[in-house]
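S.K.: I need the structure of the sequence given here:
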Amino acid sequence: MSDIPHPSATPTPTAPPWRPFRVGRAGKLALVGGLLLILLLPHAMIEGVIQEREEYQEQVRDGIARSWGPAQAVVGPMLVVPTRTPVPRLANETGPLRWDRGAVAVLPSRLAVEARLAPERRRRGLFEAVVYDAEATLTASIAVPAIATEPETELLWREAFLVTGASDLRSAAADARLAVDGRALAARDTAEAGCLGAEMIRWDLSLDGPPEPGRALAVAGSLSMRGTGRFGLLPVARRAELSVAAAWPTPSFTGAGLPIRAEVTRTGFTATWQEGTGQALVRYLGPAWCQGLVSPDAQVGVDLLEAVPTYRMITRASKYAVMFLALALLTYVLFELVAGVRIHIVQYGLLGLSVVLFPLLLLAFGEPLGFAAAYAVSTAAIVAQASAYTVAVTRRRGLASLFAGLLGGLFGFLYVVLSLEAYALLAGTVALFAALSMVMVVTRHVDWTGSGEEAQG
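M.R.: Next comes the predicted model:
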């Protein structure tokens, strides 16, 4: 008889009961946590792409501003009287007398600027900038006092002139007008081209001599200019008033002071500022007379913002994507813990990559479509892809539907948070607290030690 046992006598091995985590629950959680850290690398790369595109947008805006006109700041009319003082001669010095040049600036006691802006969008490829045509009306009252100087200093009233200016006068110089007491003045360039960060126009008064002390010069004029983004006024006056109106529903009032009156509607805005130097009307200055008048930081004005700043919204959405990634992976963990499905770590990774792609899709669609449409398209794509994959992974349509509802709800909530601005932090914090509470409720009966069977809930 053969010593070989009969096959039927061989004991059939029994498969060990399947456990949700073959590496143990702690080991699986460690793997998922490590995967989350690895997925932060492509997320950081996508954030770099977003930043790069935003920088390119700024370069395009700068290019449009160079072609059209930069942000404009208007400088109102002021009176400038050149002075000269003889330089003391040295011993045995001969030759013509040398003079030190200076100036006395007389600021307006009252300055009013009314500006109407006509904004529009200019595109270059996928990028755009907000530009405008501006019509500014200037009125000022300059009271000429008795100007006291050093005995040797001479006031050159025959060379006295008025100056007005703006940040860029390429389009304004041809249409600039100024009149004193109803008499139109002729414009010419001034050597002080960079005065106060602005280009200046000189208006010669052609006086025969000093005006009567206390005489008030009634100055009226206008400037037509083109600019990009921001419009403002340097309040070089004892009391300055700026009024701006434009058909633009999303202004941002900026500068050293806020408007005293502002009305913003869906069709446009109007705003009025009242500012001033609060300093003496007569300023004794050196040869570079304009540099000591007022700091450019004293400017007040308005920025014409995008209704929905696409790149800023994409950047904010990208910061929330990490939280979405963690919640998506946590949902798969709960499916394993509670529903008993088996999900491989590679499947976790593919789901994570799907969620990580959301900011990149948002960027790609946002440039041609705008933020709102891009958000809808990107959300639909990610939810559809991740949900279809969940059906294949879990083979349970109910779990996939639950996952789709959860992910869609998260994206919908994020859109609301991005729109809240002031209450975004509060809403986001409450949502995180609610998510943590839900996880605690779902996993309250899980045996995390793995030493016994899960309690029945």
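
S.K.: quick check: longest helix of the protein.
M.R.: Scanning the chain for the longest helix, with DSSP state H as the assignment, gives helix 25-68.

S.K.: pLDDT averaged over it - what is it?
M.R.: Along helix 25-68, the predicted local confidence has a mean pLDDT of 88.

S.K.: where are the low-confidence patches of the stretch 251-400 of the chain?
M.R.: Along the stretch 251-400 of the chain, the parts satisfying pLDDT under 70 run over 277-280, 284, 286-296.

S.K.: so where do the helices sit in it?
M.R.: Taking DSSP state H, counting those that start in this stretch, the helices of the stretch 251-400 of the chain run over residues 310-334, 345-356, 358-369, 371-394, 397-420.

S.K.: for Pro235, which of those helices is the nearest?
M.R.: Distances from Pro235 to each of these were compared by CB to CB, and the smallest falls on helix 310-334, at 30.2 Å. C-beta coordinates here come from the backbone N, C-alpha and C atoms, glycine included.

S.K.: just want the angle from that closest one to helix 25-68.
M.R.: Between helix 310-334 and helix 25-68, the angle comes out at 170 degrees (axes from the mean of the first three to the mean of the last three CA atoms, to 10 degrees).

S.K.: centre of the chain to helix 310-334, how far?
M.R.: Helix 310-334 has its C-alpha centroid displaced from the chain centroid by 23 Å (CA atoms, centre = their mean, to the nearest Å).

S.K.: now swap in stretch 160-169 and tell me
M.R.: A distance of 30 Å separates the centroid of the chain from that of stretch 160-169, by CA atoms, centre = their mean.

S.K.: then it to PDB, C-alphas only?
M.R.: Taking Å, rounded to 0.1, in the frame of the first residue of the first chain, the C-alpha atoms of stretch 160-169 are listed here in PDB:
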ATOM      1  CA  ALA A 160       5.300 133.700 -12.000                       C
ATOM      2  CA  PHE A 161       3.300 130.800 -13.300                       C
ATOM      3  CA  LEU A 162       0.600 128.300 -12.300                       C
ATOM      4  CA  VAL A 163       1.100 124.500 -12.400                       C
ATOM      5  CA  THR A 164      -1.300 121.700 -12.800                       C
ATOM      6  CA  GLY A 165      -0.500 118.100 -13.400                       C
ATOM      7  CA  ALA A 166      -1.300 114.400 -13.400                       C
ATOM      8  CA  SER A 167       0.600 111.100 -13.300                       C
ATOM      9  CA  ASP A 168       0.700 110.800 -17.100                       C
ATOM     10  CA  LEU A 169      -0.100 113.700 -19.500                       C
END
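
S.K.: hang on, the earlier thing: what angle separates the longest helix of the chain from helix 345-356?
M.R.: Put simply, helix 25-68 runs at 20 degrees to helix 345-356, going by the same axes, to 10 degrees.

S.K.: first to last residue in stretch 145-161, what's the distance?
M.R.: When the termini of stretch 145-161 are compared using CA to CA, to the nearest Å, they are 16 Å apart.

S.K.: gap between the residue nearest to Arg316 when sequence neighbours are not counted and Gly412?
M.R.: The shortest distance from Arg316 to any residue that is not its chain neighbour, by CB to CB, 6 or more residues apart in numbering, is 5.7 Å, and that residue is Leu418. Spatial separation of Leu418 from Gly412 under the definition CB to CB, to the nearest Å is 11 Å.

S.K.: measure how buried Asp62 is and give me the count.
M.R.: Asp62 is surrounded by 13 other residues when neighbours are defined as other CB atoms under 10 Å.

S.K.: meant to ask about Ala112
M.R.: The number of residues packed near Ala112 is 19, by other CB under 10 Å.

S.K.: which residues touch the closest residue to Phe411 other than its chain neighbours?
M.R.: In space, not counting the residues next to it along the chain, Phe411 is nearest to Thr379; the distance is 4.3 Å by CB to CB, 6+ apart. With contacts taken as CB atoms under 8 Å, 6 or more residues apart in numbering, Thr379 has the following neighbours: Phe358, Gly408, Phe411, Gly412, Tyr415.

S.K.: filter the residues you listed to the buried ones?
M.R.: The neighbour-count test (16 or more other CB atoms under 10 Å) marks Phe358, Gly408, Phe411, Tyr415 as buried among the contacts of Thr379.

S.K.: how about the second one, nearest residue that isn't a chain neighbour?
M.R.: Setting aside the residues directly before and after it, Gly408 is nearest to Val383 in space (CB to CB, 6+ apart), at 5.0 Å.

S.K.: how close does the one you found get to Arg342?
M.R.: Here Val383 is placed at a distance of 24 Å from Arg342 (CB to CB).

S.K.: for Pro108, same thing?
M.R.: Relative to Arg342, Pro108 is positioned 81 Å away (CB to CB).
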